[in-house]
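>>> Below is the sequence, then the predicted model.
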Amino acid sequence: MSTDTKRVPLDFKAGINRENTQYTTGGYWYNGNRVRFRNGKPENIRGWQKKVDTPFNGVARAITSWASLSGNLYAALGTDQLLYLYNGGSFTDITPINTSATTSATAPIMYTSTNSKKILVDWVSQSPTLSQIGLTQNTFVLVSSGGDSLSGITLDGQFRTSIPADLSAGRYFKIIASSSASGNATRTSATNFNFLFPRSFFTHRGVRTPPLFECYLLSLTLVL
């Protein structure tokens, strides 16, 4: 009796077949974990690597990428809140400004209370009005106050807005800071507000709105 070993090729088909039992799959793979098939052969999926450590606001709903005429690589990421440009290993907020307003030295009045991260803004007698601006919940605004602060909260930067339901509609809104106020305080001084386009500009019910999204990115690629 010969003891020579005979090699028999095992020709497994690509893919995992769960339609039948593991005894009747007929040459298919029945189960797997973290594998993919390339050229009909299984290989390990080597996992994911974080590209950018800095988090962005919202959940990504659309993404597109392109190269400029000079060869620079770009990607635009539209979330349910803001629009970002990726280049050189970092994200830049490029959400366009919807409306800019510089308030008078006597209004609006800002209020904050101890340990609160929310600043109440009384937009009384300002132009344009909040309804003309189209301010909605979770819209972002860029505030420039010339380096002022309110009870320890710096009033220069980007803030998310909140529309209080228990106050007069069209007059009040809140901006949410990253730190808490050290006490009760009010402020009345000229301030510049740049209201960014609301999320509905890029998305509708969580799905991107192609005409606005694509047209804005087209103009962006032409500039870059």
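Good, I have the coordinates. All values derive from a computational prediction rather than experimental measurement.
>>> C-alpha from now on. contacts and neighbour counts both.
OK.
>>> mind giving me the domain split of this protein?
13-44, 60-96+200-223, 100-196 (automatic domain parsing).
>>> which one of those is the most hemmed in?
Highest mean neighbour count of these: domain 100-196, a mean of 17 (counted as mean count of other Cα atoms under 10 Å).
>>> Between the two ends of that domain, how far is it?
9 Å (Cα to Cα, to the nearest Å).
>>> Just the mean pLDDT for it, thanks.
Mean pLDDT, computed over domain 100-196, is 87.
>>> Could you number the chain from 47 rather than 1 from now on?
Yep, numbering from 47; the last one is domain 146-242 now.
>>> residue boundaries of the helices in this protein?
Under the criterion DSSP state H, the chain contains helices at 176-179, 256-269.
>>> and these, which one is worst for confidence?
Among those, helix 256-269 has the lowest mean pLDDT, at a mean of 52.
>>> circling back to that earlier point, could you check the domains of the chain and tell me which one is nearest V98?
The minimum distance between V98 and the domains of the chain falls on domain 106-142+246-269, with 6.3 Å, by Cα to Cα.
>>> what sits against K87?
A60 (Cα atoms under 8 Å, 6 or more residues apart in numbering).
>>> swap the cut-off to 10 Å and go again
Counting by Cα atoms under 10 Å, 6 or more residues apart in numbering, K87 makes contact with 57-61, 81.
>>> biggest separation within these, which pair?
The widest separation within those, taken as Cα to Cα, falls between D57 and V81 and amounts to 17.6 Å.
>>> would you turn the domains of the chain into TSV with distance to K97?
Below are those laid out as TSV (distance: least, Cα to Cα, whole Å):
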stretch	distance to K97
domain 59-90	20
domain 106-142+246-269	7
domain 146-242	24
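>>> Looking at the ones you listed, which is nearest to D50?
Across the domains of the chain, D50 has its closest neighbour in domain 59-90 (26.1 Å, Cα to Cα).
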